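In: I need the structure of the sequence given here:
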Amino acid sequence: MFSIPGKQAVAMTDTAAKQIAKLMQKDGHQGLRIGVKKGGCAGMEYTMEYVDEVDPLDEIVEQDGARVMIAPMAQMFLFGTEIDYEVSLLESGFRFRNPNVSEACGCGESIKFDESIGQDG
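Out: Numbering: from 1, shown residues only. Prediction:
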């Protein structure tokens, strides 16, 4: 697991924690799992999915009734990320403020990481 003792892998704003807790209560899910996968115009995309069973290898972050699990392969890419939930006149959704991102495309959903992340040495 990629972590620093005493420091959570990701942080949630109060708004994000409230939204995640509301989603968990609505359908009785255990939380939301976040990860990354190859795709999008910048090379990688964030993923979010409901979790009904906690994977023992997931990094778990809990705050104010909200639970986020970070998939094992995504932990090094997401470390230090702040998750927010923004509401505007035209759209609402989760936003990731990730210090590990070196590029993002205009859609805001496709990202590229610094080439040194995930390499040994």
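
In: Which helix or strand contains the residue positioned nearest the centre of the chain?
Out: Centroid-nearest residue in the chain: residue 34, 4.3 Å away (criterion: C-alpha atoms, centre = their mean). Assigned by DSSP states H and E, residue 34 falls within strand 31-38.

In: for that strand, the distance to its chain's centre please.
Out: Relative to its chain's centre, strand 31-38 lies at 6 Å (C-alpha atoms, centre = their mean, to the nearest Å).

In: Not counting its own residues, what contacts that strand?
Out: 10, 20, 23-24, 44-51, 54-55, 58, 60, 66-71, 73-74, 77-78, 83, 111 (C-beta atoms under 8 Å, 6 or more residues apart in numbering). C-beta: built from backbone N, CA, C; applies to glycine.

In: nearest spatial neighbour of residue 63, skipping sequence neighbours?
Out: Distance criterion C-beta to C-beta, 6 or more residues apart in numbering; nearest residue to residue 63, sequence neighbours excluded, is residue 17 at 4.7 Å.
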